[in-house]
Structure formats: C-alpha cells, structure tokens
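Enquirer: what shape does this take:
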Amino acid sequence: MIKNTNDGTSRAPYLRCDINGGTWTALPETSTGPRGTDEQILAAAKAAGFAGVQGADAALCKRLGLGATSGGRVNKVGEAGPLAKSLKEGGYECGTLHVGWGMEDDAEVDRLVGDILEASARHDMPLYIETHRATITQDLWRAVQITRRFPDVRFNGDFSHWYTGLEMVYGEIEPKLEFIAPVFERVRFVHGRIGNPGSMQVDIGDGTGRKYVEHFKEMWTRAFAGFLRSAKPGDYICFAPELLQSTNYYARTFRNAAGKEVEEGDRWQQALLYVEIAKRCFADAQQRVAAGRS
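Expert: Residues are numbered from 1 along each chain as shown. Below you'll find the predicted structure:
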C-alpha cells in the first residue's frame, strides 16, 4: 500500500494548499509574483497563504515553516528505489512521478508500477504516479487498467493532460468521468492546472462563466472525495498549482499593442485563485462523502 501523506497528528483529514515552484519560474516583469533569493520567494509564498512547496529545498522550507514535496521520473525498473531513498533522506514528504514514455506494453507497465510500489513501501516514501502525457498514464483506458491490476497504486492528478490531450469534451464527458472513477479514488496529490479543449493551460479570469472550469472543479472534487473516503486522522492531500512558463509552451503568449509577445494573465494571481477554488471543491467533497454520494 502506498501511504497517504500524514502529519502525525489526530487532526481530521484535510486539504493542504501548496505551490509548485514552476509557478514562479520565469515570471514576466508584469507579474505580481515574488522575486529575489530562494528564501525571499519561499517567505513570500508562505505570506500568500501557501502551506508547502513542491520543488524547493526541504531544509529551507522546514526552517520557514513550510511543507516540502518533490518529484522525479522513473523510466526503468530499479530507478524507483534510489529516488525514494533520496527523497526520504532529503526530508521530503512525498514525490510525484512521471513514469515511462507511453510506449510500454502491459508487461513493462506492470514491472514499473510494481517496482514503484515496492520502493515506496521499503523507504516509507509515498510515490504518486502522475497522470501525464508521454507516460504510462497518458490515456484514460491504460490508467484504469493499472488500477485493476494494482489496486494499491496512488496518483497525482494532473488532469489537464487528459482534458485537453484526450479532448474529454468530445462526446459526453460524464461517462468518461465515471470510467475514471477508480483513478479519482486513488488520487493523493493534485497539480492545479486548468486547460480548455484546445490548450492545456489557460488564464481563467475570475473563474466564472467558463464550462471547462466547471469540469475541472468536478474532477478536483471527485479526487478529494476519493481521498476522504479512506483517509485517517492526520492524513492530508496536497493541492499544488503548477502554472508553467511560456518557454516550455505551457503559458500562452499573445502580442500586445506594442507587438511584443507577452504571457496571458498573471500565473501568480491565477495560483491564488486556484487555491480558493480548490478549497470550495474540498468542502463540496466533504459534503458528498458525508451524504454517501460520489
């Protein structure tokens, strides 16, 4: 069994709103996001209300009173163990993983997933396989089959890769949400990113009046409900906005009046909005679980 992240207390299971370090990477000068040394940026993240950081120095996070999570890539059997050991020794609470390149057959997938489960247990380090393009979880069908062969697998839900990459709104989306219910039940970390059917990271304005935003809210709520159904005292699920820069083609760019290409919106402000949305989704999930609904 891959463990939930847990703070060692008797606190009721909760949502911890973190931020992925990519969100402040290469922010344009027009952004309101933090700048300066690592310590200054992390202090600003804490002041903005984030409780933890993915992708920063764990010791510095701890000194500032922030949680620390990390990530990595596993391409071959045997790589998960050293990664889990490194994360544990580095003081991280969990790791999210890109696994394989998406060209693996079922036997290769099974060897990779089995290795990750074994490494997670051996090193007492939660390892959450990310739903991501160009990996073994790049499509709905394969991800669900993994849950059937490995019920103890746990995921980091980065649903923009599916929503946009698989154009989930092509046809009816509800049957697809029902089909991936076994994934929602096993999500223990969420990367906050919202895409529309054509672009996987878009500025959502104030979050209202956009059907695709409602779809992401539903996916986040179902994932939080999956966590809550089996969570124990002290367990928490991290929600970490991961709004990446234009240099790797995530943030969209448009020409301004001066003809200069600029990023769409302010990724930092969008991350703050995402947290408020996630909190409402978690409250909705609590209500659903209490009422016995999916």
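
Enquirer: only C-alpha atoms for contact and neighbour calcs from this point on.
Expert: Noted.

Enquirer: quick one: the strands in the stretch 101-250 of the chain?
Expert: All strands of the stretch 101-250 of the chain, identified by DSSP state E, counting those that start in this stretch, fall at 127-130, 155-157, 187-192, 235-241.

Enquirer: reformat these as CSV; add mean neighbour count.
Expert: Output for these, formatted as CSV (neighbours: other CA atoms under 10 Å):
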stretch, mean neighbour count
strand 127-130, 30
strand 155-157, 27
strand 187-192, 27
strand 235-241, 26
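
Enquirer: would you tell me which of these gets closest to residue 139?
Expert: Nearest to residue 139 among the strands of the stretch 101-250 of the chain is strand 127-130; the distance by CA to CA comes to 11.7 Å.

Enquirer: quick one: distance of that closest one to the chain centre.
Expert: With CA atoms, centre = their mean, to the nearest Å as the basis, strand 127-130 stands 9 Å off its chain's centre.

Enquirer: not counting it itself, show me its contacts.
Expert: By CA atoms under 8 Å, 6 or more residues apart in numbering, the surrounding residues in contact with strand 127-130 are 2, 84, 94-99, 116-117, 120, 137, 153-158, 188-189.

Enquirer: columns mean pLDDT and distance to residue 205 on top of the strands of the stretch 101-250 of the chain, output as JSON lines?
Expert: Output for those, formatted as JSON lines (pLDDT from 0 to 100; distance: least, CA to CA, whole Å):
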{"stretch": "strand 127-130", "mean pLDDT": "98", "distance to residue 205": "27"}
{"stretch": "strand 155-157", "mean pLDDT": "98", "distance to residue 205": "23"}
{"stretch": "strand 187-192", "mean pLDDT": "98", "distance to residue 205": "15"}
{"stretch": "strand 235-241", "mean pLDDT": "98", "distance to residue 205": "15"}
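
Enquirer: turn those into JSON lines, columns for distance to residue 215.
Expert: What follows is these, written out as JSON lines (distance: least, CA to CA, whole Å):
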{"stretch": "strand 127-130", "distance to residue 215": "19"}
{"stretch": "strand 155-157", "distance to residue 215": "14"}
{"stretch": "strand 187-192", "distance to residue 215": "13"}
{"stretch": "strand 235-241", "distance to residue 215": "17"}
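
Enquirer: out of those, which gets nearest to residue 63?
Expert: strand 235-241 (19.6 Å).

Enquirer: relative to the closest one, what are the paired strands and their orientations?
Expert: The pairing partners recorded for strand 235-241 under DSSP bridges are strand 5-6 (antiparallel), strand 14-20 (parallel), strand 187-192 (parallel).

Enquirer: and the next helix or strand past the second one?
Expert: When you say that, I think you mean strand 14-20. helix 38-47 (DSSP states H and E).

Enquirer: with that, I have no additional questions.
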